[in-house]
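In: Give me coordinates for this.
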Amino acid sequence: MRGGDGARSGPVWGEGAGPTVGKIGDACRPCLEEAIRKFEGNHARILGVCEELEQLADGLPALPTNGSHLRLARRVGGLLREAHALEEQEILPILAAALGEEAVKDSVATLTEEHRTDEAFAEEVAEVLMEWTAGERHHDAATLGYMLRGLFDNLRRHTARERDQLIGPAGRRLASG
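Out: Numbers count the residues shown, from 1 in each chain. Below is the predicted model:
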């Protein structure tokens, strides 16, 4: 059920983005501030989807009559892929440079693997929601609810870890100059 295919593997940041020692230079400060803003924007979008998933789970076995669950099912996987790509390609390299690549290497590796797992799980949840809508209920309401809760709980835990392990230290680094 959970697990990514590892399609996006390899280093998260490119060559030459090694650790930065000492204070953040004037040129790096705006980059780090922007990276933190982007990270927080990603989190806001992901946590908004978590709210929608929770509302859907709370309403089961009934599904909304306005089709909002279908729109949610169609967009959750894409939203995660887009948010994770932004983090991995733009945000994490800047944070790694500011915090020191060695200092965040293990956190980044774990969080990146969780990205793949959460994306795969979101696709599975979307498929089950589509089946339910089509009347092909291969899973009962309790199973669907469990899946929805598993997805939004994982996403909330993941964003909290990113805040604790990356955004918090980056913010402290900015404050210390």
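In: When you work out contacts or count neighbours from here on, use the C-alpha atoms and nothing else.
Out: OK.
In: where does this structure have low pLDDT?
Out: 1-27 (pLDDT under 70).
In: Repeat the analysis, applying 50 as the threshold.
Out: Within the chain, the ranges that satisfy pLDDT under 50 run 1-22.
In: could you pull out the helices for it?
Out: 28-59, 68-86, 92-99, 101-133, 141-162, 168-176 (DSSP state H).
In: Which other helices and strands does the third one contact?
Out: Using 3 or more C-alpha pairs under 8 Å, 6 or more residues apart in numbering; DSSP states H and E as the contact definition, the elements that helix 92-99 packs against are helix 28-59, helix 101-133, helix 168-176.
In: Any idea which of the ones you listed gets closest to residue 74?
Out: Among the helices and strands packed on helix 92-99, the nearest to residue 74 by C-alpha to C-alpha is helix 101-133 (6.7 Å).
In: buried ones in that closest one?
Out: Residues 101, 104, 108, 111-126, 128-130, 132 are the ones in helix 101-133 that count as buried (16 or more other C-alpha atoms under 10 Å).
In: And the nearest residue to residue 139 once chain neighbours are set aside, how far from residue 52?
Out: Sequence neighbours aside, residue 128 is the residue nearest to residue 139 in space, at 7.6 Å (criterion: C-alpha to C-alpha, 6 or more residues apart in numbering). Residue 128 sits 16 Å away from residue 52, going by C-alpha to C-alpha, to the nearest Å.
In: so how many other residues sit close to residue 171?
Out: 14 (other C-alpha atoms under 10 Å).
In: Kindly report the same for residue 89.
Out: Burial measure for residue 89: 14 neighbouring residues, criterion other C-alpha under 10 Å.
In: Now do it against residue 104, distance only.
Out: Residue 89 is 15 Å from residue 104, where distance means C-alpha to C-alpha.
In: sorry, back to before: out of the helices and strands packed on helix 92-99, nearest to residue 83?
Out: Nearest to residue 83, of all the helices and strands packed on helix 92-99, is helix 28-59, at 5.8 Å by C-alpha to C-alpha.
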